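S.K.: generate coordinates for the sequence data below:
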Amino acid sequence: MMTTLTIDFFHDVVCCWCFNISSRMRALATAFDLDIRHRTFVLQASTAEMAERWGTPEDARETILGHWSVCRQSSDRPELVNVEAMRKAPFDYPHGMTAALACKAVERLGGQTAHWDMFDRLQRAHLAEARNIADPEAVLRLARETGFEAAAFSRALDDPATARAVETDRKRAGALQVRSIPALIIRETGRRLVNGPREDLAAQLRANLRHRA
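M.R.: This next block holds a predicted model:
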């Protein structure tokens with residue numbers, strides 16, 4: 001069967017709204033025979049950028065967890081958005097660069113399917129388990145849990161080509177004028193899906209298929 005639509009999915013592991021969309025797009029990818037192309041979009045790439053954007057670590061945690069609470073209300077799996085666990089976590093709220101590099105590292109090892117599997121595992125570790133996904137050792141353990149061989153993953157993670165792949169996604173986002181995530185852009189029509197419940201996304205996909213025809 002020929003793929004019907006190719007969608008660039010821009011996301012960041014630390015983004016709770018991306019968590020909601022990822023599970024919905026997994027179901028829709030099968031229903032509509034979609035080709036999902038995963039694109040990293042790092043909101044803050046370092047502790048310095050976190051401080052510039054959010055202020056003190058304490059302020060960052062409380063502000064971001066306020067966003068989690070709102071996101072949780074519209075989640076299909078609210079039990080996996082564990083606000084209180086992250087509030088009590090013994091580390092500062094993490095930036096997204098280490099996780100983005102991890103996703104691109106496994107993409108180099110196993111393609112788009114590997115990227116998506118790693119992205120979802122990292123999100124669950126972040127949102128449900130309050131694990132520090134900015135810690136390279138924690139990310140290595142998660143990669144092994146997801147089925148990747150440790151030495152191969154470490155080599156790919158440290159390879160400068162992986163950082164260049166993250167930068168390539170950043171440039172692609174700029175060219176497409178992506179300024180917020182999650183962002184879902186249909187290549188065949190150039191249109192963007194409006195984030196929402198699965199039924200709304202499905203209706204938009206059907207409309208784009210008609211437009212393409």
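
S.K.: tell me which element Ala125 falls in.
M.R.: Assessed by DSSP states H and E, Ala125 sits inside helix 97-127.

S.K.: can you give me the angle whichever helix or strand comes after that helix makes with helix 97-127?
M.R.: The first helix or strand that comes after helix 97-127 along the chain, using DSSP H and E, is helix 136-145. Interaxial angle, helix 136-145 versus helix 97-127 (axes from the mean of the first three to the mean of the last three CA atoms, to 10 degrees): 70 degrees.

S.K.: show me the helices in the protein, by range?
M.R.: For the chain, helices defined by DSSP state H occupy the ranges 16-31, 47-54, 57-73, 83-87, 97-127, 136-145, 150-158, 160-175, 198-212.

S.K.: of all the ones you listed, which one is nearest Arg39?
M.R.: Counting by CB to CB, Arg39 lies closest to helix 160-175 out of the helices of the chain; the figure is 4.4 Å. All C-beta spots, glycine's among them, are computed from the backbone N, C-alpha and C.

S.K.: picking up where we left off before, and the helix holding Ala125, how far out from the chain middle?
M.R.: Put simply, helix 97-127 sits 8 Å off its chain's centre (CA atoms, centre = their mean, to the nearest Å).

S.K.: how far is stretch 170-187 from where the chain is centred?
M.R.: 13 Å.

S.K.: start to end distance for that stretch?
M.R.: Chord length of stretch 170-187, first to last residue, is 17 Å (CA to CA, to the nearest Å).

S.K.: now do stretch 119-136
M.R.: 15 Å.

S.K.: how about low-confidence regions in the chain?
M.R.: Counting by pLDDT under 70, the ranges of the chain that qualify are 1-3, 212-213.

S.K.: list the contacts for Ser23?
M.R.: By CB atoms under 8 Å, 6 or more residues apart in numbering, Ser23 lies in contact with Asp76, Arg77, Asp120.

S.K.: before we move on, what about Phe9?
M.R.: Ile21, Ser22, Met25, Ile36, Arg37, His38, Arg39, Pro182, Ala183, Leu184.

S.K.: could you give the bridge partners of it?
M.R.: Beta bridges link Phe9 to His38, Leu184 when assigned by DSSP bridges.

S.K.: repeat that for Leu34.
M.R.: The partner residues for Leu34, given DSSP bridges, come to Leu5.

S.K.: hang on, isn't it packed against Met25?
M.R.: Yes. With contact defined as CB atoms under 8 Å, Leu34 reaches Met25; the gap is 7.5 Å.

S.K.: which neighbours do those two share?
M.R.: The contact sets of Leu34 and Met25 overlap at Ile7 (CB under 8 Å, 6+ apart).

S.K.: these two: which has the busier surroundings?
M.R.: When neighbours are counted by other CB atoms under 10 Å, Leu34 and Met25 differ, and Met25 comes out ahead with 24 against 20.

S.K.: ok, the more buried one to Ala128 distance?
M.R.: Going from Met25 to Ala128 by CB to CB, to the nearest Å gives 19 Å.
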